[in-house]
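Visitor: any chance you can model this:
(2 chains)
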Protein chains: 2
Amino acid sequence: MQEHVQDNTEKCKKIAERLYELDGEVYNCVGSSLGRTFTGERENCIRDLTLLMCTKPDGHLLRSEMALISNMARTIKNKEERKRLMMKYDSILQEVAALPNTFGSVDVLDIARAKLNTSNLRQKFSKEDHLVICIGRTQGSAGNDIGFALADELRINYYDAEIFDQVMKRLEADKDSVNDVASFTNFDKYRKKRGIHLKAWMRDFNRYHGLPKQDAVFFNMSDLICSMARSEDCIIMGRCADAILRNNNIPHISIFIDAPFAVRMQRIMESRNMSYKQAVRFLKKMDKQHKRYYEFYAGEEWGNTENYDLCINSASYGMKETVDMIERMIQQ
Amino acid sequence: MQEHVQDNTEKCKKIAERLYELDGEVYNCVGSSLGRTFTGERENCIRDLTLLMCTKPDGHLLRSEMALISNMARTIKNKEERKRLMMKYDSILQEVAALPNTFGSVDVLDIARAKLNTSNLRQKFSKEDHLVICIGRTQGSAGNDIGFALADELRINYYDAEIFDQVMKRLEADKDSVNDVASFTNFDKYRKKRGIHLKAWMRDFNRYHGLPKQDAVFFNMSDLICSMARSEDCIIMGRCADAILRNNNIPHISIFIDAPFAVRMQRIMESRNMSYKQAVRFLKKMDKQHKRYYEFYAGEEWGNTENYDLCINSASYGMKETVDMIERMIQQ
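Guide: Residues are numbered from 1 along each chain as shown, chains lettered A, B, ... in the order given. Model (predicted):
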């Protein structure tokens, strides 16, 4: 073990020497006004560099030193010289990357998460797995239009709230038994129930196996979402589908589409013929409803970057380019 | 004008009729247990559909109806039939898309924002514009490693806090005048200043033109960032570079890299040799510092999806695939 450490230090020292010399060579070629990256005595520099290569937690400082050298090397005017020195740099970088404790040696991959990420692991998939894209979005960010256009481009099925509603209505063959749009629109777990007669309440209680109606709707829909994701390629808008599929270990990509409030306002006013005041009220109400619904059923913060694989600002791209970008991203 | 509206209604009615017939044909082919999409009387259905095509705000319901039909059509087993009906569907969809008030007719593009988005408009760029990628990230999300690897792949310059620090130190040719890392680490606008003698305070006051030292550092750095972004392709880590470039109207792509707290914890413990307790304290402190710094200088919420072009969960992809994905995305 002791010998192993000794070996490693020797190796690091050699890399440090090469790096120090490269810095000198680059400086001679480019003659930067900023001077060399390593300004101290040769021996001190090499000792410090060697230490950086095997020291935690400051090992990442080496990354900045190396970037400084390569940034400078790339500005060398003489093409031959630039190529020669960049090749030297690349070979040193490779050796640094191969060191056991260097910067970048600890990945950030969450294996459980990545296993469910279709875009990441598509090539490793079995034939039974499907391309399922869950899209969450804020009202007015054109998320539904983007999802619909994406489904059309990819030639896969598209499901949104209205479609779930229709499908479930028909599956139940009971017009008023299950209405997910209504359950979402009126979603308020803690609002006092007004004007519900005991008789109606008892009837609903029996029909939904003792669950509150909106919970029963949610569980039925979860089943539907899971069985769809297991049987076909599709795009699912909202409905906490990302959380449902994650909890059921079904591979998918989760995307959140958002745009600045001011841009969403503009779009809502235009597409829904609303006044400024109406649009503000409408957007705030919808954001609140989405947030509540997601946080209650998914148990996570709606729109928080760490809950999705990817978040896209549709205002920066527009509808068409957002669709194109998602396509480029999932292509392998 | 009146005539024009009349014309439009006639056109919508014709499209509605074709859609109604397509639904019937698809149903005959596929024999879905769910039945037809349009279940009512022919005339009522066509009237409703016609209305949907020119009515706000409920026009988007048409999108769901059309998706239901195409979802069903795609399941037709007979290949010839499927192709024939999908072509019919495509031609109807095109006509609907060409209607003046239909769903998807109002884009979400923010022109000011998109003009600055290099990934979106790269092909329209003049030769003077550069590929500048600003990367914000949470501590432990491997953002710096990803930025460094991306710069290496794209063969462009990489700048992080340590590099800015070194460059600025040398530009000022004054060892203790400007230290951005220190100004970030100790960033606390409202903390009471302890142990600063009047003399030292006066010296700093004069040196920074009467600005608080950390503000002077920030303004110097802003100048540096702008002049770099104007003169070369590069990747800039943190430092509110996205906000600085946006305020100065310089094209760039802004990306935020994040990972779930638990994953970042794991990575920090490993890469920095920290105990669980140390890592929690460290991460919480760094998140708070990043947040404060960004919100003070950028004036916007740190990590909020609507402030960036794109947010990526590095835990879903790992370092290498995150780099590859960004490359695919910016490729035109």
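Visitor: tell me the contacts of the closest residue to A:Gly136 other than its chain neighbours?
Guide: Excluding its sequence neighbours, the residue lying closest to A:Gly136 (C-beta to C-beta, 6 or more residues apart in numbering or on different chains) is A:Phe256, at 4.6 Å. Using the backbone N, CA and C atoms, a C-beta is placed for each residue, glycine as well. By C-beta atoms under 8 Å, 6 or more residues apart in numbering or on different chains, the contact set of A:Phe256 is A:135-137, A:303, A:305, A:307-308, A:310-312, B:305, B:311.
Visitor: host element of the closest residue to A:His60 other than its chain neighbours?
Guide: In space, and not counting its chain neighbours, A:His60 is closest to A:Phe103: 4.5 Å by C-beta to C-beta, 6+ apart. Assessed by DSSP states H and E, A:Phe103 sits outside every helix and strand.
Visitor: burial of A:Phe103, as a residue count?
Guide: A:Phe103 has 23 neighbouring residues, counting by other C-beta atoms under 10 Å in any protein chain shown.
Visitor: what parts of the stretch 201-332 of chain A come near chain B?
Guide: Contacts of the stretch 201-332 of chain A with chain B, taken as C-beta under 8 Å from any C-beta of the partner chain, map to A:256, A:258-261, A:263-264, A:267, A:270-274, A:303, A:305-319, A:321, A:325, A:328-329, A:331.
Visitor: which of those count as buried?
Guide: Buried subset of those (neighbour count, 16 or more other C-beta atoms under 10 Å in any protein chain shown): A:256, A:258-260, A:263-264, A:267, A:271-272, A:274, A:303, A:305-319, A:321, A:325, A:329.
Visitor: so which residues of chain A form strands?
Guide: Using DSSP state E, the strands of chain A run over residues A:132-137, A:157-159, A:234-237, A:253-258, A:310-313.
Visitor: what packs against the third one?
Guide: This points to strand A:234-237. Strand A:234-237 sits against strand A:132-137, helix A:143-154, strand A:157-159, helix A:213-231, with contacts defined as 3 or more C-beta pairs under 8 Å, 6 or more residues apart in numbering or on different chains; DSSP states H and E.
Visitor: low-scoring stretches of the stretch 201-332 of chain A, by residue?
Guide: A:201-212, A:332 (pLDDT under 70).
Visitor: hmm, try it at 50
Guide: Across the stretch 201-332 of chain A, nothing is flagged by pLDDT under 50.
Visitor: A:Leu85 against A:Asn28, yeah?
Guide: No. In terms of C-beta atoms under 8 Å, A:Leu85 does not count as a neighbour of A:Asn28; the distance is 10.0 Å.
Visitor: now the strands of chain A as JSON lines including distance to B:Leu154?
Guide: Below are the strands of chain A laid out as JSON lines (distance: least, C-beta to C-beta, whole Å):
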{"stretch": "strand A:132-137", "distance to B:Leu154": "27"}
{"stretch": "strand A:157-159", "distance to B:Leu154": "35"}
{"stretch": "strand A:234-237", "distance to B:Leu154": "31"}
{"stretch": "strand A:253-258", "distance to B:Leu154": "24"}
{"stretch": "strand A:310-313", "distance to B:Leu154": "20"}
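Visitor: I'd like to know which of those strands is closest to A:Val108.
Guide: In terms of C-beta to C-beta, the element of the strands of chain A nearest to A:Val108 is strand A:310-313, at 15.1 Å.
Visitor: helices and strands around that closest one, which ones?
Guide: Checking 3+ C-beta pairs under 8 Å, 6+ apart, strand A:310-313 ends up next to strand A:253-258, helix A:314-330, strand B:310-313.
Visitor: how far out from the middle of the chain is the first one?
Guide: Put plainly, it is strand A:253-258. 7 Å (C-alpha atoms, centre = their mean, to the nearest Å).
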